[in-house]
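A.B. asks: can't give you the sequence, but here's the structure:
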């Protein structure tokens, strides 16, 4: 994993890929699947996400205020679905679904070695959790796997249907 | 345009397409480009979005509490970039960029005829606008253009680079 500039983190999340979110609580790491996230500020990068309070990860995120957002490429689609289909309450999803936890630099939850990008996050604002399960995260450190060139991400359309990234187009634009 | 079930709106936004957001204020409609949005609840559909207070649309959205989220397919990519590159303060972007405003059923801002989906929205919660320019919208009515079959959406990676939807994959999943 190579450090990735925080100023470019929005380019990873803004396109709407399905991501994995890891937490660590009471000595045990867990991972869930997440599509309800968006950028909220460029620098420092703030990310908003909704983690349902029906998810086992919710309590860990609220209590520890730390997580890692790991971005999987298309080859991990089956693992991503498996992670989303089972609770980690009494189950080690990393071992079961062949995801390798790797220590981060700034937070306790692990990076995922197989993901092409990993974002170490701390909860920046939890005031919207009560009403909407909405966390504002700050990305403290970002990592990218230089061995995964032009990774294609997946986008969830419901019930296990995903659209894979297709061709890239470049249009002249003043928009960041 | 045909009515689209509110229970399926998440399937349109969760994959992270670039969208257009229309407003109407003081007798004049405007449109902006937006990628910072996410689903926040299935039913009634709640959508969170960040609209920078540097955008001309910000004041209209805050004052009128209404907008339409219009989802463009790939053929509108050039129009989407044009819309994002200029302010509507003294400029009619609909006419300039060949987007046809169409009256909605529930809100004053127009639908966009060329977009394959249009979501009429009302601001549900504005308490997070002060800190983060973050609006919680409720989708009141959703419309889809049945003539646009399997539209391919575009996903922004920064500076006018977009990834177009590629192949669809279906995996067995219990996840909604």
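C.D. replies: Now that the structure is in, tell me what you want to look at. Only a predicted model underlies this, so the values are computations on that prediction, with no experimental measurement involved.

A.B. asks: quick one, phi psi at residue A:56?
C.D. replies: The phi/psi pair for residue A:56 (degrees, to the nearest 10) reads phi -60, psi -30.

A.B. asks: contacting residues for it?
C.D. replies: Residues near residue A:56 by Cβ atoms under 8 Å, 6 or more residues apart in numbering or on different chains: A:30, A:32, A:87, A:88, A:89. No exception for glycine: its C-beta is placed from N, CA and C like everyone else's.

A.B. asks: in helices, which of those appear?
C.D. replies: Judged by DSSP state H, helices contain none of these.

A.B. asks: of all those, which comes closest to residue B:153?
C.D. replies: residue A:32 (25.0 Å; Cβ to Cβ).

A.B. asks: residue A:42: neighbour count?
C.D. replies: A count of nearby residues for residue A:42, using other Cβ atoms under 10 Å in any protein chain shown, gives 14.

A.B. asks: skipping adjacent residues, who's closest to it in space?
C.D. replies: Distance criterion Cβ to Cβ, 6 or more residues apart in numbering or on different chains; nearest residue to residue A:42, sequence neighbours excluded, is residue A:10 at 5.7 Å.

A.B. asks: can you tell me the element residue A:130 falls in?
C.D. replies: Assigned by DSSP states H and E, residue A:130 belongs to helix A:129-132.

A.B. asks: so is that helix next to chain B?
C.D. replies: Yes. Helix A:129-132 reaches chain B (Cβ under 8 Å from any Cβ of the partner chain) through A:131, A:132.

A.B. asks: what comes up buried for that helix?
C.D. replies: Buried residues in helix A:129-132, counted by 16 or more other Cβ atoms under 10 Å in any protein chain shown: A:129, A:132.

A.B. asks: what kind of secondary structure is the residue lying closest to residue A:32 once chain neighbours are set aside in?
C.D. replies: Closest residue to residue A:32 apart from its sequence neighbours, by Cβ to Cβ, 6+ apart: residue A:57 at 4.5 Å. Classification of residue A:57 using DSSP: H, G, I helix; E, B strand; the rest coil returns helix.

A.B. asks: ok, now which ones touch residue A:158?
C.D. replies: Counting by Cβ under 8 Å, 6+ apart, residue A:158 touches B:8, B:10, B:11, B:14, B:176.

A.B. asks: mind checking the end-to-end distance for stretch A:100-117?
C.D. replies: Using Cα to Cα, to the nearest Å, one end of stretch A:100-117 lies 14 Å from the other.

A.B. asks: what's that stretch in contact with?
C.D. replies: Contacts with stretch A:100-117, where a contact means Cβ under 8 Å, 6+ apart, come from A:1, A:4, A:12, A:20, A:22-24, A:29, A:31, A:64, A:66-68, A:70-73, A:76, A:79, A:94, A:98-99, A:118, A:120-122, A:140-145, A:148, A:151.

A.B. asks: narrow the residues you listed to those in strands?
C.D. replies: Counting by DSSP state E, the part of the contacts of stretch A:100-117 found in strands is A:20, A:22-24, A:29, A:31, A:66-68, A:70-71, A:118, A:120-122, A:140-144.

A.B. asks: name whatever forms a beta bridge with the spatially most central residue of chain A.
C.D. replies: The centroid of chain A falls nearest to residue A:69 when counting by Cα atoms, centre = their mean (2.5 Å). Taking DSSP bridges as the rule, residue A:69 bridges to residue A:21, residue A:119.

A.B. asks: go on, residue A:38?
C.D. replies: Here residue A:38, judged by DSSP bridges, has bridge partners residue A:48.

A.B. asks: returning to that earlier point: enumerate every residue touching the residue nearest to residue A:42.
C.D. replies: A:39, A:42, A:45, B:158.

A.B. asks: need the phi and psi values for it.
C.D. replies: Dihedral pair for residue A:10: phi -60, psi -30, per degrees, to the nearest 10.
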